[in-house]
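K.L.:
What follows is a predicted protein model with its sequence.
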Amino acid sequence: MNPRFSRWRPARRDQTGLILMTTQPSKQLETFENPNKARDYTIRIQVPEFTCLCPKTGQPDFAELRLEYVPDERCVELKSLKLYVWSFRDEGAFHEAVTNRILEDLVKATAPRFMRLTAEFNVRGGVYTTVVVEHRDPQWVAPEEVKLP
């Protein structure tokens, strides 16, 4: 056997021959402690492969999710976010409802100072949809934007 491929192992399969997945979708969002609680800073995350189902037709809807947030005590862990996003693949949801639900779940898990979720859905029947939802902690005051020369 070629030593370059000696660590390669075939995918595990069930009795019918289907490949067994090592991870599964999950509604559980994990977090970790913000490493710099004293500073306002922005975390930007892009999720280009979001899918859910149209609740009217059952056809797949595809979107890119863009998450921007200023953490307070907790940050979202990326693998759990990936598995969370994956959990919508077989669920029917209107674009507006699913975008708001994702934001609510993220806010519940992390309690950020500020969070914005933009869901840009691919064209369906000649129509593009973009949904933007925000959360702001009422006690947080956004710093003034610095404009450099």
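P.N.:
Noted; the coordinates are in hand.
K.L.:
ranges for the strands of the protein?
P.N.:
Under the criterion DSSP state E, strands of the chain are mapped to 31-33, 43-53, 60-70, 74-76, 114-124, 127-136.
K.L.:
what are the pairing partners of the last one, and which direction each?
P.N.:
This points to strand 127-136. strand 114-124 (antiparallel) (DSSP bridges).
K.L.:
Which positions in the strand it pairs with come out as buried?
P.N.:
Buried residues in strand 114-124, counted by 16 or more other CB atoms under 10 Å: 114-121. For every residue, glycine as well, the C-beta is placed using N, CA and C.
K.L.:
Stretch 42-59 now?
P.N.:
For stretch 42-59, by 16+ other CB under 10 Å, it's 47, 50, 52-53.
K.L.:
Any chance you could list what contacts that stretch?
P.N.:
Residues from elsewhere that reach stretch 42-59, judged by CB atoms under 8 Å, 6 or more residues apart in numbering: 60-71, 75-76, 78, 81-82, 85, 88-94, 98, 119, 124.
K.L.:
please redo it, this time with the cut-off set to 7 Å
P.N.:
Contact with stretch 42-59 is made by 60-71, 75, 85, 88-94, 98, as judged by CB atoms under 7 Å, 6 or more residues apart in numbering.
K.L.:
For that stretch, list the C-alpha coordinates in CSV.
P.N.:
Extracted in CSV, the C-alpha atoms of stretch 42-59 (Å, rounded to 0.1, in the frame of the first residue of the first chain):
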residue,chain,number,x,y,z
THR,A,42,-17.5,42.3,16.2
ILE,A,43,-17.6,38.7,15.2
ARG,A,44,-18.7,38.0,11.6
ILE,A,45,-19.7,34.6,10.5
GLN,A,46,-20.8,33.5,7.0
VAL,A,47,-22.8,30.3,6.4
PRO,A,48,-23.2,29.9,2.6
GLU,A,49,-25.0,26.6,2.7
PHE,A,50,-28.2,27.1,4.7
THR,A,51,-31.1,25.0,3.5
CYS,A,52,-34.7,24.6,4.6
LEU,A,53,-37.9,23.6,2.9
CYS,A,54,-40.7,25.7,1.4
PRO,A,55,-43.7,25.2,3.7
LYS,A,56,-46.0,25.4,0.6
THR,A,57,-44.3,23.2,-1.9
GLY,A,58,-41.8,21.2,0.1
GLN,A,59,-39.0,22.2,-2.3
